[in-house]
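Trainee: Provided below for reference: sequence and predicted model.
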Amino acid sequence: MPDLTSNTGGIVSPNPFWLASAPPANSGEQIQRAFDHGWGGAVWKTLGTPIQNVSSRFGAVNYGGKRAIGFNNIELITDRPLEVNFKEIYETKKKYPKHAIIVSLMVETKEEWKDIIKRSIDAGADGLELNFGCPHGMCERGMGSAVGQEPKVNEEITSWAVEYSTVPVLSKLTPNVGDIVPHGLASQRGGAHGVSLINTIKSIIGVDIDNFVPQPVVGTQSSNGGYCGAAVRPIALHMLAALSRDPGFNIPISGIGGVTNWRDAVEFILLGASSVQVCTEVMLKGYRIVEDMIEGLEDYMRQHNFETLDDFVGKAVPAYSEWGNLDLNFESIAKIDPEACIGCQVCMTACHDGAHQCIHPNDDPAIRVPVIDESECVGCNLCQIVCPVDGCISMVEVDNGYDSATWNEHVNLGAKLRPKKGAH
């Protein structure tokens with residue numbers, strides 16, 4: 001039986017699936033129900049000086065018949081009294097001693113950090129997460145992403161928290177920066193035991209085109225909010241990988257951003273995360289999704305003979321490189337399985353209008369299976385992406401007789417590149 005135990009900077013949980021700091025982790029009653037369903041940990045909704053939220057707060061992107069592929073919120077930190085939160089943290093930790101409770105924090109002054117850290121630990125927190133990522137409302141007050149976008153401030157506040165804390169400290173990083181690496185390194189210099197990423201992306205989710213107000217609408221106005229959900233996963237994976245592969249960065253990462261199922265979680269782990277946090281998918285489908293996540297992760301580990309998470313944390317990082325290190329002489333072409341093809345010819349339209357015009361109608365008009373001109377196919381994958389039948393179109397490697405050669409080798413060593421496709 002695979003061991004799903006997760007250790008992120010000293011925060012140990014029975015599995016790597018944590019609730020992210022958000023509405024699903026807003027109260028003790030909620031987190032206790034989540035633990036009953038199998039969640040390994042929870043990051044409590046951010047504590048600080050309680051605020052008043054607005055109504056409405058959420059918006060979503062619907063596309064292709066699927067609802068909420070992207071999600072937006074303009075909700076802020078807890079609006080519940082701190083005393084109530086601390087009481088519920090204590091009760092939850094007492095009832096679920098083996099589950100990880102991480103308390104997210106966001107305050108302004110050094111003394112406020114000292115006080116709220118002590119109270120969180122006294123209540124039973126297994127770890128702390130410093131919210132340096134909120135892209136709306138709090139950043140205008142000098143907190144959230146206003147801290148996360150300034151490495152020196154990030155480092156200083158992290159050092160305060162580490163000084164005052166007797167439990168592991170994670171810094172939650174904002175994606176609203178040009179390069180995540182300096183910010184991860186700043187947290188590391190500040191003494192953080194790990195980082196969490198990504199927080200939400202600054203965004204406007206849409207516009208009410210009849211009333212001329214951005215969404216979500218608050219009276220007659222709106223504001224930018226934080227973008228999350230399945231649509232942000234590629235951005236989160238890139239930032240995770242960028243930090244994981246940096247030679248100077250060597251502390252654990254809790255991955256966040258568009259995790260919807262066990263496959264998503266595996267991708268995060270392969271790129272360096274030792275735990276994964278989930279918010280939007282829980283809001284859309286409820287706590288029970290973790291049951292499939294646990295089962296899927298266990299099956300995956302069995303199939304690959306992984307006994308522990310450490311066996312594959314970061315396993316895909318060495319394969320992530322700069323474009324200049326890719327083999328320009330590698331060649332693949334598309335192949336259509338005529339038995340699987342349904343004759344929709346979507347691939348042909350996509351290739352002619354959006355790619356390299358190498359897929360054509362069959363000479364026999366009675367045959368709907370398109371024909372690929374392999375001499376012109378550049379292996380771009382577009383036909384495979386648009387094909388509605390899984391496995392119908394495959395990308396097949398071609399031995400073109402050329403040795404491997406990268407752009408960097410070509411520039412530095414004169415390595416020979418194969419002629420451009422179609423050239424003679």
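Mentor: Perfect, thanks for sending it.
Trainee: what's the domain layout of this protein?
Mentor: 6-319, 323-413 (automatic domain parsing).
Trainee: will you turn those domains into TSV that also has distance to residue 419?
Mentor: Placement of C-beta: from N, CA and C, glycine included. Listed next are these as TSV, based on distance: least, Cβ to Cβ, whole Å:
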stretch	distance to residue 419
domain 6-319	27
domain 323-413	9
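Trainee: pick the most deeply packed of these.
Mentor: domain 6-319 (a mean of 20; mean count of other Cβ atoms under 10 Å).
Trainee: let me see the mean pLDDT of that one.
Mentor: Mean pLDDT, domain 6-319: 93.
Trainee: and the end-to-end length of it?
Mentor: Terminal residues of domain 6-319 are spaced 24 Å apart (Cα to Cα, to the nearest Å).
Trainee: now it, how far from the chain's geometric center?
Mentor: Centroid separation for domain 6-319 versus its chain: 10 Å, with Cα atoms, centre = their mean, to the nearest Å.
Trainee: same question, stretch 319-328
Mentor: With Cα atoms, centre = their mean, you get 22 Å for stretch 319-328.
Trainee: show me what residue 277 bridges to in the sheet.
Mentor: Taking DSSP bridges as the rule, residue 277 bridges to residue 18, residue 256.
Trainee: next up, the contacts around it.
Mentor: By Cβ atoms under 8 Å, 6 or more residues apart in numbering, the residues touching residue 277 are 18-21, 43, 196, 254-256, 259.
Trainee: now residue 166: closest residue in space, sequence neighbours ignored.
Mentor: residue 121 (5.9 Å; Cβ to Cβ, 6 or more residues apart in numbering).
Trainee: re earlier: ok, so of the contacts of residue 277, who is nearest residue 82?
Mentor: Looking at those and their distance to residue 82, the nearest is residue 21, at 15.2 Å (Cβ to Cβ).
Trainee: quick one: the closest one from residue 30, how far?
Mentor: Distance from residue 21 to residue 30, counting by Cβ to Cβ, to the nearest Å: 12 Å.
Trainee: mind listing the helices for the stretch 51-200 of the chain?
Mentor: Listed in chain order, the helices of the stretch 51-200 of the chain (DSSP state H, counting those that start in this stretch) span 82-95, 110-123, 145-148, 151-164, 181-189.
Trainee: including distance to residue 319, could those go into TSV?
Mentor: Output for the helices of the stretch 51-200 of the chain, formatted as TSV (distance: least, Cβ to Cβ, whole Å):
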stretch	distance to residue 319
helix 82-95	40
helix 110-123	39
helix 145-148	29
helix 151-164	28
helix 181-189	19
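Trainee: convert the C-alpha atoms of stretch 16-28 to CSV, please.
Mentor: Taking C-alpha atoms only, stretch 16-28 is exported to CSV below (Å, rounded to 0.1, in the frame of the first residue of the first chain):
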residue,chain,number,x,y,z
PRO,A,16,-0.9,15.8,0.4
PHE,A,17,-4.4,17.1,-0.2
TRP,A,18,-5.1,20.4,1.7
LEU,A,19,-7.9,22.8,1.6
ALA,A,20,-6.5,26.2,0.5
SER,A,21,-7.2,29.3,2.6
ALA,A,22,-10.6,30.3,1.2
PRO,A,23,-14.3,30.0,1.9
PRO,A,24,-14.2,26.1,2.2
ALA,A,25,-11.8,26.6,5.2
ASN,A,26,-13.7,29.4,6.9
SER,A,27,-14.8,27.6,10.0
GLY,A,28,-14.2,24.7,12.3
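Trainee: of all the helices of the stretch 51-200 of the chain, which lies closest to residue 210?
Mentor: Of all these, helix 145-148 sits nearest to residue 210, with 31.8 Å by Cβ to Cβ.
Trainee: residues contacting residue 249?
Mentor: Counted by Cβ under 8 Å, 6+ apart, residue 249 has contacts 181, 184-185, 188, 243.
Trainee: what of residue 43?
Mentor: Residue 43 makes contacts with 18-21, 25, 102-104, 129, 196, 277, as judged by Cβ under 8 Å, 6+ apart.
Trainee: which of these fall in strands?
Mentor: 18-19, 102-104, 129, 196, 277 (DSSP state E).
Trainee: find the nearest non-adjacent residue to the residue nearest the centre of the chain, please.
Mentor: Nearest to the mean C-alpha position of the chain, by Cα atoms, centre = their mean, lies residue 257 at 2.7 Å. Nearest non-adjacent residue to residue 257, counting by Cβ to Cβ, 6+ apart: residue 236, 2.6 Å away.
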